[in-house]
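Enquirer: Quick one: sequence and predicted model below, then my questions.
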Amino acid sequence: MNHKLEIRNLTKTFNTEEGELKALDNVSIEVKPAEFLCIIGPSGCGKTTLLRMIAGLEHPSSGKIILDGKEVKGPSPDRGMVFQEFSLFPWRTVIKNVTFGLEIQGIGRDERYRIAEKYIELVGLKGFENRYPYELSGGMKQRVAIARALATDPAILLMDEPFGSVDAQTRNALQEELLEIWKRTKKTILFVTHSVDEAVYLADRVAVMSARPGSLVKCLDIDIPRPRKRTSVEANMFREQLLMLLSIERSKASISV
Amino acid sequence: MKLPGKDMWLWSVPLAIALLLWEFIAGYVVRDPLLLPRFSAVIFSIYALRGVLISDILVSLLHFGIGLGLAFAAALPLAIAMGWSRSIFKAIDPIIEVLRPIPPLAWIPIAMVWFHLTHYAAGFIIFIGAFFPILLDSYTGFRDVPRVLVETGKVLGCIRDRKLIKYVAFPYALPFVATGTRVGMGVGWMCVVAAEMFGVSDSGLGYRLFQKFYFLHQMDYVVAYMLVLGLVALCLDRLFRHFVEDRLFKWKRGIVK
């Protein structure tokens, strides 16, 4: 077993006022160490729910999530999470946001500042340590969130549309930086997105999910050598393939609605 | 942060006009010191009272301190419990809503029976006045902690409620607690006068004010005490704003100003 993360027959049903809602149906994926996996699918397909279950914020209705041979039972700093937005603690400066997880673990002040400095430098925010979140742009905030998630040295990094609310140019820059961080830290990354371009540019492998209830339609290996060019012919071919798969799923969704 | 500018002394002109108008109307229109003592007479009274004034202020501040301190100590834990747990809120809220509309002054007989003529009797009335604003505002703060911040806290290692409250809910709610305390201070100060006036005390600003009126009809002294009451409250509020709101909530600047 050389899987970093194993998701076995995962199903999630929510109890809502209109009855049971099946969000995720029998999803199984294996993720290799240091792999960059993007999860893509029509909106409402349960990709965020999948990520939240891996983070331990939701409990599976059935099935198992196994990380490094151990079953996931609840949230823990061994899984870093980057939310879409508004996740920085507004009362803490940049450095104090990054040291948060270390502080909870009871690591001494000097040690946690030393670690935090390293990650702040990694995300290119040296010099902004003592700023408050309200003084930062959207892209800078997400960089802080990434540094904060990395500071506790998690086994896996979960990212829920982390660049979904920044402008297109910042988004491209952030994607490049993320790849650089990935190369340097060798983290396993699970990245939820609704952008085909983003998935093709970033991922080793893209998991395409069906419309609700979400299940795995196909895993696509993106075997374009890195560094990649956004406008290359291969990238376009992968894009077309993904767009086709997604449009099939979207049309299914509109029929069932 | 407001910088001192041209408008820094803007308040002095209307104030001077109001005082001159008072002096003129009292001296040349009303011409009866029982109905309206002149401003200059009130200033002389304050000067004449200088010996007893300080001790009266101190006694009133003692009553105020006892009441506010106890109100804060009782309201804060209750606010945390109610804001954090929906079921505790549902269980306790009816009791609060029955007690809250009872005017603090209606508790004076109870205060007299329970605490006799001690500082605690007046303190109790102030406690009643300050308790509910502190409780309700703080409760709102703890109830409205954004979900993404709570989940970020969980993912970063705050597994138990105690840590989530200490590291996430409490700092988030602190500005609400401060607002509640400031409102509570205002209501509490009004209760100082009432509590001391209506016989739960034999000293203090409120007691003295009523004594000057009831036994001697010395209206210049009465108005002197009124002015002192207003000025002390103004100082308390300014001190609170300076030491608590301006220092503690630098991070809120981006949001409110």
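Expert: Cool, got the structure. Numbering: from 1, shown residues only, chains lettered A, B, ... in the order given.

Enquirer: which residues does the most centrally placed residue in chain B contact?
Expert: Nearest to the mean C-alpha position of chain B, by CA atoms, centre = their mean, lies residue B:185 at 1.6 Å. Residue B:185 makes contacts with B:68, B:130, B:236, B:237, B:240, as judged by CB atoms under 8 Å, 6 or more residues apart in numbering or on different chains. From N, CA and C alone the C-beta is placed, and that goes for glycine too.

Enquirer: so which helix or strand takes in it?
Expert: helix B:170-197 (DSSP states H and E).

Enquirer: Also residue A:26?
Expert: Going by DSSP H and E, residue A:26 is part of strand A:19-31.

Enquirer: What separation is there between the most far-flung residue of chain B relative to its centre and residue A:237?
Expert: Of all residues in chain B, residue B:155 sits farthest from the chain's C-alpha centroid, using CA atoms, centre = their mean; the distance is 39.8 Å. Applying CB to CB, to the nearest Å, the value for residue B:155 to residue A:237 is 37 Å.

Enquirer: do you know how far whatever residue of the stretch 101-250 of chain A ends up closest to chain B is from residue A:51?
Expert: Nearest residue of the stretch 101-250 of chain A to chain B (CB to the nearest CB) works out as residue A:134 at 2.5 Å. Here residue A:134 is placed at a distance of 27 Å from residue A:51 (CB to CB).

Enquirer: still on that earlier bit, now the strand holding residue A:26: how far from the chain's centre is it?
Expert: Between the centre of strand A:19-31 and the centre of its chain there are 17 Å (CA atoms, centre = their mean, to the nearest Å).

Enquirer: is chain B contacted by stretch A:105-112?
Expert: Yes. With CB under 8 Å from any CB of the partner chain as the measure, stretch A:105-112 is seen reaching chain B through residue A:105.

Enquirer: quick check: mean pLDDT across that stretch?
Expert: Stretch A:105-112 carries an average pLDDT of 95.

Enquirer: So in chain A, where's the weakest helix or strand by average pLDDT?
Expert: Scoring the helices and strands of chain A by mean pLDDT, DSSP states H and E places helix A:233-256 at the bottom, with a mean of 87.

Enquirer: need the residues of the stretch 1-150 of chain B near chain A, please.
Expert: So the stretch 1-150 of chain B meets chain A at B:146, B:148, B:149 (CB under 8 Å from any CB).

Enquirer: Need the contact partners of the helix or strand hosting the second one.
Expert: Pointing back at residue B:148 there. Following DSSP H and E, one finds residue B:148 within helix B:147-155. Outside helix B:147-155, the residues within contact range by CB under 8 Å, 6+ apart are A:55-57, A:75, A:77, A:79-81, A:83, A:86-87, A:89, A:149, B:163-164, B:167-169, B:172.

Enquirer: Next secondary structure element downstream of it?
Expert: helix B:161-164.

Enquirer: How about that following helix and chain A, any contact?
Expert: Yes. Using CB under 8 Å from any CB, helix B:161-164 reaches chain A at residue B:163.

Enquirer: Show me what that helix is packed against.
Expert: On a contact count with 3 or more CB pairs under 8 Å, 6 or more residues apart in numbering or on different chains; DSSP states H and E, helix B:161-164 meets helix B:147-155.

Enquirer: What's opposite residue A:64 in the beta bridge?
Expert: residue A:8 (DSSP bridges).

Enquirer: so what's it up against?
Expert: Residues near residue A:64 by CB under 8 Å, 6+ apart: A:6, A:7, A:8, A:9, A:10, A:71.

Enquirer: Can I get the buried part of those as one PyMOL selection?
Expert: Under the burial definition 16 or more other CB atoms under 10 Å in any protein chain shown, those of those that qualify are selected in PyMOL by:
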select buried, chain A and resi 6+7+8+10
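
Enquirer: With distance to residue B:205 as added columns, please give the contacts of residue A:64 in CSV.
Expert: Shown next, in CSV, are those (distance: CB to CB, whole Å):
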residue, distance to residue B:205
A:6, 73
A:7, 70
A:8, 74
A:9, 74
A:10, 69
A:71, 67
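
Enquirer: now for the contacts of residue A:64, which pair is the farthest apart?
Expert: Farthest-apart pair in the contacts of residue A:64 is A:9 and A:71; separation 13.1 Å (CB to CB).

Enquirer: Using CSV, list the CA coordinates for stretch B:100-110.
Expert: Extracted in CSV, the C-alpha atoms of stretch B:100-110 (Å, rounded to 0.1, in the frame of the first residue of the first chain):
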residue,chain,number,x,y,z
ARG,B,100,-35.1,42.1,31.8
PRO,B,101,-38.1,44.5,31.5
ILE,B,102,-38.3,45.0,35.2
PRO,B,103,-36.9,48.5,35.8
PRO,B,104,-33.8,48.5,38.0
LEU,B,105,-35.6,50.9,40.4
ALA,B,106,-38.3,48.3,41.0
TRP,B,107,-35.6,46.3,42.7
ILE,B,108,-34.9,49.0,45.4
PRO,B,109,-37.1,47.4,48.0
ILE,B,110,-35.5,44.0,47.5
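
Enquirer: could you give the mean pLDDT of that stretch?
Expert: 93.

Enquirer: What lies in contact with stretch A:44-56?
Expert: Applying CB under 8 Å, 6+ apart, the set of residues contacting stretch A:44-56 is A:5, A:7, A:10, A:12, A:23-24, A:27, A:39-41, A:58-60, A:65, A:67, A:72-76, A:79, A:81, A:156, A:158-161, A:190, A:192, A:209-214, A:249, A:253, B:151, B:154-155.

Enquirer: Drop anything exposed from those residues.
Expert: Members of those classed as buried by 16+ other CB under 10 Å are A:5, A:7, A:10, A:12, A:23-24, A:27, A:39-41, A:58, A:60, A:65, A:67, A:72, A:75-76, A:79, A:81, A:156, A:158-161, A:190, A:192, A:209-214, A:249, A:253, B:151, B:154-155.

Enquirer: Which secondary structure element of chain B has the lowest mean pLDDT?
Expert: For chain B, counting by mean pLDDT, DSSP H and E, that's helix B:253-256 with a mean of 54.

Enquirer: contacting residues around residue 138?
Expert: Chain wasn't specified; assuming chain A. A:85, A:165, A:166, A:167, A:170.

Enquirer: wait, I meant chain B there
Expert: Applying CB under 8 Å, 6+ apart, we find residue B:138 in contact with B:75, B:76, B:79, B:80, B:83, B:173, B:176, B:177, B:180.

Enquirer: returning to that earlier point: please name every helix or strand in contact with the helix or strand following the helix holding residue B:185.
Expert: Downstream of helix B:170-197, the first helix or strand assigned by DSSP H and E is helix B:205-216. Helix B:205-216 sits against helix B:50-84, helix B:170-197, helix B:219-240, with contacts defined as 3+ CB pairs under 8 Å, 6+ apart.

Enquirer: which residues sit against helix B:205-216?
Expert: With contact meaning CB under 8 Å, 6+ apart, helix B:205-216 is reached by B:52, B:56-57, B:59-60, B:192-197, B:201, B:218-219, B:221-222, B:225-226, B:228-229, B:232.

Enquirer: picking that back up, restricted to strands, list the contacts of helix B:147-155.
Expert: Judged by DSSP state E, those include A:79, A:80, A:81 as members of strands.

Enquirer: Can you tell me the number of residues neighbouring residue 128?
Expert: Picked chain A for this. Neighbour count for residue A:128, taken as other CB atoms under 10 Å in any protein chain shown: 17.

Enquirer: if you could check chain B rather than the one you did, that'd help
Expert: Residue B:128 has 26 nearby residues by other CB under 10 Å.

Enquirer: surely it meets residue B:190?
Expert: No. Residue B:128 is beyond contact range of residue B:190, at 11.6 Å (criterion: CB atoms under 8 Å).
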